[in-house]
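K.L.:
Structure, please.
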Amino acid sequence: MAHIPRQLFYKLTTALIGWLFYSSVVASAAPNWDEAMRGMLAAIKDDAEMTSLYIGKDKFDQNVLTAMQNVPRHEFVPADQQIHAYENRPLPIGYGQTISQPYIVALMTDMLDINSNDKVLEIGTGSGYQAAILNQLSKQVFTIEIVEALAKRAKDTFQRLQLDNITVRAGDGYYGWPEHAPFDAIIVTAAASHIPPPLIAQLKPGGRMIIPVGSRFFVQHLVLINKDEQGKVTTRQILPVRFVPLTGGH
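P.N.:
Alright, predicted model coming up:
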């Protein structure tokens, strides 16, 4: 029977104890994404109740909440922000842009009343998180991002997560995507000084659009636009918000 020299045995034992201790520390330090997700969903529900007078309801559609639960927000933020991924607040994603507060993502999605056959246009891909939520609820999502590096990063994320029904293009979203119009729903995730006429034109009769309207330094309002079957457009202010500005040649 072979014997391990006592000195080597002590070294191996010490190394093993050290490795087990390190592993336990790493395991305890690893984020509990499921618990964090539950906290985020609870915060969204609380915010919906608190803003019920603005939004006209005290809770969001369960399909929207399920979509939020199914999309891992930590996959859409930079590595140094992942620890904060499920906090109910916006986070920086680089290039002067942010990933929106989860409550705002849920609110804007809920207001669009999307169904499984809808074709949706998003202006301002950013991290890709909002598009991923829309992908859970609709048939197809088209999304435009003016910052080319963000468009590429979002596209890579969609491919990695196998979100195959999202089409990304780098470009100026103010003019929409006429080749794929009309859209059942349009969502704009940057504040415009006015509602872009090209987007109204690309909205299908019976469709909805939601957009923050206002300038960077003044009050912005989230505005819901409805186009009826006859093409008549009506608007409704939902609540004050704060978004990065819509940029581009316009």
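
K.L.:
Please enumerate the strands of this structure.
P.N.:
If you assign secondary structure with DSSP state E, the strands in the chain sit at 91-94, 97-99, 119-123, 140-145, 166-170, 183-188, 203-213, 220-227, 233-241.

K.L.:
number of nearby residues for the closest residue to Pro92 other than its chain neighbours?
P.N.:
Excluding its sequence neighbours, the residue lying closest to Pro92 (C-beta to C-beta, 6 or more residues apart in numbering) is Thr98, at 5.7 Å. (C-beta placed from N, C-alpha, C; glycine too.) The criterion is other C-beta atoms under 10 Å. On that basis, Thr98 has 19 neighbouring residues.

K.L.:
least trustworthy helix or strand in this structure by mean pLDDT?
P.N.:
Using mean pLDDT, DSSP states H and E, the weakest-scoring helix or strand in the chain turns out to be helix 6-29, at a mean of 44.

K.L.:
Could you report the separation of Pro178 from Ile104?
P.N.:
28 Å (C-beta to C-beta, to the nearest Å).

K.L.:
Which residue of those two possesses the greater neighbour count?
P.N.:
Under the criterion of other C-beta under 10 Å, the comparison of Pro178 against Ile104 puts Ile104 first, with 22 against 10.

K.L.:
My read is that that one contacts Val241, right?
P.N.:
Yes: under the contact definition of C-beta atoms under 8 Å, Ile104 touches Val241, with a separation of 6.7 Å.

K.L.:
which stretches of the protein have low pLDDT?
P.N.:
Scanning the chain for pLDDT under 70 picks out the ranges 1-30, 250.

K.L.:
again, only using 80
P.N.:
Low-confidence regions of the chain, defined by pLDDT under 80, span residues 1-30, 216-218, 249-250.

K.L.:
residue contacts, the closest residue to Gly231 other than its chain neighbours?
P.N.:
Using C-beta to C-beta, 6+ apart and skipping residues adjacent in sequence, the residue nearest Gly231 is Pro205, 5.6 Å away. In this structure, Pro205 makes contact with 182, 227-231, judged by C-beta atoms under 8 Å, 6 or more residues apart in numbering.

K.L.:
again with Leu65
P.N.:
Contact criterion C-beta under 8 Å, 6+ apart gives 41, 44-45, 106 as the residues in contact with Leu65.

K.L.:
same check, this time on Tyr129
P.N.:
By C-beta under 8 Å, 6+ apart, the neighbours of Tyr129 are 71, 73, 76, 99-100, 105.

K.L.:
and the two most separated of those residues?
P.N.:
Val71 and Ser100 (12.9 Å; C-beta to C-beta).
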